[in-house]
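*Asks:* have a look; sequence and predicted model below, questions after that.
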Amino acid sequence: MFSTTDTVIHPPGTATKEREPATYVWPAAGLTEVPDWIYTSQVIYDREVERIFHGSTWNYVALEAEIPKANDFVRSWIGPTPVVVARDADGSVHVFENRCAHRGVEFCRHSRGNNAEFVCPYHQWTYDMRGDLQGVPFRRGMKGEADSGMPRDFNPAQHGLHKMKVARRHGVVFASFDHDMEPLETYLGEEIVHDFDVLFKGRQLRILGYYRNELPGNWKLYHENLKDPYHATLLHSFLVTFGLMVAGSKSAMIADPSGRHGTMASAKPADVTKVVDASTASQMRAYRTDLKLEDPRFIDFVPEFDSPWTVTMQTIWPNLIVQRELNTLGVRQIVPNGPNSMIMNWTMFGFDTDTEEMTRHRLRQGNLMGPAGFLGLEDNEAIKFLQEGVRRSPTEVGILKLGGTTEGTATTLVTESAIRSMYRQYREVMGL
Amino acid sequence: MMIPGYEQTALDPRAALEARFEVEAFHASYCHMLDTGDLVNWVDFFDEECTYVVTGRENAEAGLPVGLIYAEGRGMIRDRAYAVKHTQMYAPRYMMHTVSNVLVLRASADEIRSVSNYLLLQTLVEGRTTIHQAGRYYDTFVRRAGALLIRERRCVYDSDLIANDLVFPV
Ligand SMILES: [Fe+2]
């Protein structure tokens, strides 16, 4: 496990919510209650890696714009498992475990680069950009020496790197451990494909840079956060103070039929005062009409998409967030890191048609998101607080009762329906 | 060279030493202000036309422009100070900067360029003190009424994997 700090404190005298596997039974109340152990148990975490990340899911691994040329590669992850994403000379994209087939060395150590082959540093086994084994030093042994080298029947074709099934859509690369995986579009469903395509279809991306952070919370909390429109106008005073989003804004929480993916969508109000009546205002402590930014350019929206929404945040199960927050665009890869931690890999981008001024607009607007963003940092703090709460108190369940027992797509912000639908399919996959 | 424009130039040793004292004095007051939590006056260290970017070394070396914090002009600096102070929710914490290895790269009557190492320590109220960032300030100062102001400050951190978030400016 990675750890930047011991930010999750485990005080003496607090029992972990670890128990015998047979006693992991979901509360009788059903989806309106969430047991704490799904966030804290190593047993559950291990099952998630096996059944979800290594199971029948499409995992985001890279953007094609990061590997535009033959022999380009990036390091990536599927769940906690390190992989390499490589482009071969014919333009095809391959994903394989970052683990030498010989002794298991994690051979690729650079975040990105270009090479025609991968050489494991330990014993110089070499692999091509498809992950096939090309060479084993001293395979035939030392001349004239008995029992030297590989056995005669050693077949390099059977000792390539562990390969994943790959799917690409408009420059976004996904991979799966399951070689019988359904097509990506079927997996995503129409609703999710629609808003995904609004952003990516027909665009050439220009990478603007990366952020990485360790978030001391369970990986599912990030999905919950972006399936939880209720928190947006309550936690994020900045949104409300500066009129980007208020209770009463045109918005929707869209889920796919399976319930695992989601799109949280909203439209920036042209005139906040027309949206907010007195009773709504009293529910939002941060609502102010007197404050103005000194440089309001950075919350401007420059129309560039065929969509009624100025913001869509997509949660694509199990490891991708697609961010279209006004004009600041990016993807976030969730790398689970044990039950109490996750790594977030952020890739921010624009389009190759952007003017210099548009690029700068995106960079300025980037102050909203990321680990130092006015919205991003509060979510990280809130998720950390939640993790500490569920780890450190003897209480056992949280509740999800907003919007009753509805599941899936909702047109109100004041609901937890998309979280409930996520946990319906989670329970099926996990056998809980 | 990681950032174009920050190459070492030939300098008169006496002038370099004088510039170094000035930059060190600047760092001391800048860091003191941030470390005591005085965000309101943080803006006074910047020139009207300024750039302030906090970014990872990987981005800087690849010439990728993104910033964890990215501000153009003093207005954006003031807005960030206001937003952090009045709109943000975060666990209470103390920050401490230590700055060393101040290296003057260029010095003239009205401009100094330098690079300095910084360590940013973070202490969460219930935790131990941790190194939140190890990085370098790439600075361009201009002289206004005798005092140095930031024309450009690029805070480039080696510590690629950020512990949760960065609440306060660097
Ligand atoms: Fe949020």
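*Replies:* Yes, it's here. Numbering: from 1, shown residues only, chains lettered A, B, ... in the order given.
*Asks:* where along chain B do the helices fall?
*Replies:* In chain B, helices defined by DSSP state H lie at B:13-35, B:57-62, B:74-87, listed in chain order.
*Asks:* mind checking which of those helices is nearest chain A?
*Replies:* Closest approach to chain A among those (Cβ to the nearest Cβ): helix B:74-87, 3.3 Å. Yep, even glycine has a C-beta here, placed from its N, CA and C like the rest.
*Asks:* may I have the closest one as CSV, with CA atoms only?
*Replies:* Taking Å, rounded to 0.1, in the frame of the first residue of the first chain, the C-alpha atoms of helix B:74-87 are listed here in CSV:
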residue,chain,number,x,y,z
ARG,B,74,-3.5,39.9,-8.5
GLY,B,75,-7.3,39.6,-8.8
MET,B,76,-7.1,35.9,-8.8
ILE,B,77,-4.7,35.9,-5.9
ARG,B,78,-7.1,38.0,-3.9
ASP,B,79,-10.1,35.7,-4.9
ARG,B,80,-8.2,32.6,-3.7
ALA,B,81,-7.3,34.2,-0.4
TYR,B,82,-11.0,35.1,0.1
ALA,B,83,-12.3,31.7,-1.0
VAL,B,84,-9.9,29.8,1.3
LYS,B,85,-10.7,32.0,4.2
HIS,B,86,-14.5,32.3,3.8
THR,B,87,-15.9,29.5,1.7
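*Asks:* neighbours around the closest residue to chain A within chain B, how many?
*Replies:* Using Cβ to the nearest Cβ, B:Val66 is the residue of chain B that sits closest to chain A, at 2.9 Å. The local packing of B:Val66 (other Cβ atoms under 10 Å in any protein chain shown) involves 25 other residues.
*Asks:* please apply the same query to A:Thr126.
*Replies:* Neighbours of A:Thr126 using other Cβ under 10 Å come to 16.
*Asks:* report the contact partners of the closest residue to A:Pro35 other than its chain neighbours.
*Replies:* The shortest distance from A:Pro35 to any non-neighbouring residue, by Cβ to Cβ, 6 or more residues apart in numbering or on different chains, is to A:Val397 (5.4 Å). A:Val397 is in contact with A:27, A:33-36, counting by Cβ atoms under 8 Å, 6 or more residues apart in numbering or on different chains.
*Asks:* point out where chain B drops to low pLDDT.
*Replies:* B:1 (pLDDT under 70).
*Asks:* go ahead and confirm the residue of chain B closest to chain A touches A:Thr328.
*Replies:* No: if you go by Cβ atoms under 8 Å, B:Val66 and A:Thr328 don't touch, sitting 9.9 Å apart.
*Asks:* need the overlap of contacts for these two.
*Replies:* Contacts common to B:Val66 and A:Thr328, judged by Cβ under 8 Å, 6+ apart, are A:348, A:366.
*Asks:* what pairs with the residue in the stretch 151-300 of chain A positioned nearest to chain B across the strands?
*Replies:* Of all residues in the stretch 151-300 of chain A, A:Gly209 sits closest to chain B, with a separation of 2.9 Å (Cβ to the nearest Cβ). Beta-bridge partners of A:Gly209, counted by DSSP bridges, are A:Met348.
*Asks:* would you confirm that it contacts B:Tyr70?
*Replies:* No: taking Cβ under 8 Å as the definition, A:Gly209 is not a contact partner of B:Tyr70, at 9.8 Å.
*Asks:* which residue of chain A sits farthest from its center?
*Replies:* A:Gly144 (54.8 Å; Cα atoms, centre = their mean).
*Asks:* one more: chain B?
*Replies:* B:Glu126 (26.9 Å).
*Asks:* how deep is the nearest residue to A:Gly113 once chain neighbours are set aside tucked in, by neighbour count?
*Replies:* Residue nearest to A:Gly113 in three dimensions, not counting chain neighbours: A:Phe73, with 6.0 Å by Cβ to Cβ, 6+ apart. For A:Phe73, the count of nearby residues is 23 (other Cβ under 10 Å).
*Asks:* same thing with B:Asp35?
*Replies:* Considering only other Cβ under 10 Å, B:Asp35 is surrounded by 16 other residues.
*Asks:* and A:Ala116, what does it touch?
*Replies:* A:71, A:128-129.
*Asks:* ok, and the most crowded of the residues you listed?
*Replies:* A:Met129 leads the contacts of A:Ala116 on contacts (other Cβ under 10 Å) with 24 neighbours.
*Asks:* how close does that one sit to chain B?
*Replies:* A:Met129 sits at a distance of 21 Å from chain B (criterion: Cβ to the nearest Cβ, to the nearest Å).
*Asks:* can you pull the residues of the stretch 251-400 of chain A lying near chain B?
*Replies:* Proximity of the stretch 251-400 of chain A to chain B is confined to A:286, A:293-295, A:298, A:343, A:348, A:359-360, A:363-364, A:366-367, A:370-372, A:374, A:376-378, A:380-382, A:384-385 under the rule Cβ under 8 Å from any Cβ of the partner chain.
*Asks:* show the buried residues in the residues you listed.
*Replies:* A:286, A:293, A:295, A:298, A:343, A:348, A:360, A:363-364, A:366-367, A:370-372, A:374, A:376-378, A:380-382, A:384 (16 or more other Cβ atoms under 10 Å in any protein chain shown).
*Asks:* ramachandran angles for B:Met110?
*Replies:* Heads up, residue B:110 is Asp, not Met. Phi and psi for B:Asp110, reported as degrees, to the nearest 10, are phi -120, psi 10.
*Asks:* pretty sure it sits against B:Val142.
*Replies:* Yes: taking Cβ under 8 Å as the definition, B:Asp110 is a contact partner of B:Val142 at 6.2 Å.
*Asks:* higher neighbour count, the two?
*Replies:* B:Val142 (16 against 8).
*Asks:* you'd agree that one is up against B:Arg151?
*Replies:* Yes: in this structure B:Val142 lies within contact range of B:Arg151 using Cβ under 8 Å: 4.7 Å.
*Asks:* okay, and the common contacts of the two?
*Replies:* B:47, B:111.
*Asks:* how is chain A divided into domains?
*Replies:* A:59-168, A:189-430 (automatic domain parsing).
*Asks:* which one of these is the most hemmed in?
*Replies:* domain A:189-430 (a mean of 20; mean count of other Cβ atoms under 10 Å in any protein chain shown).
*Asks:* give me the mean pLDDT for it.
*Replies:* Domain A:189-430 shows a mean pLDDT of 92 in the predicted model.
*Asks:* circling back to that earlier point, any idea how far B:Gly56 is from the closest residue to the residue of chain B closest to chain A other than its chain neighbours?
*Replies:* Nearest non-adjacent residue to B:Val66, counting by Cβ to Cβ, 6+ apart: A:Gly209, 2.9 Å away. Per Cβ to Cβ, to the nearest Å, A:Gly209 is found 8 Å from B:Gly56.
*Asks:* cool, A:Gly330 as well?
*Replies:* 14 Å.
*Asks:* excluding its backbone neighbours, what's nearest A:Met34?
*Replies:* Heads up, residue A:34 is Val, not Met. Closest to A:Val34 by Cβ to Cβ, 6+ apart is A:Gly398, at 4.8 Å.
*Asks:* what about that neighbour, distance to A:Val25?
*Replies:* Going from A:Gly398 to A:Val25 by Cβ to Cβ gives 16 Å.
*Asks:* okay, now the closest residue to A:Trp37 other than its chain neighbours: neighbour count?
*Replies:* Leaving out its chain neighbours, the residue that sits closest to A:Trp37 by Cβ to Cβ, 6+ apart is A:Lys17, at 4.5 Å. Here the count is done by other Cβ under 10 Å, and A:Lys17 has 20 residues near it.
*Asks:* kindly report the same for B:Cys50.
*Replies:* Counted with other Cβ under 10 Å, B:Cys50 comes out at 21.
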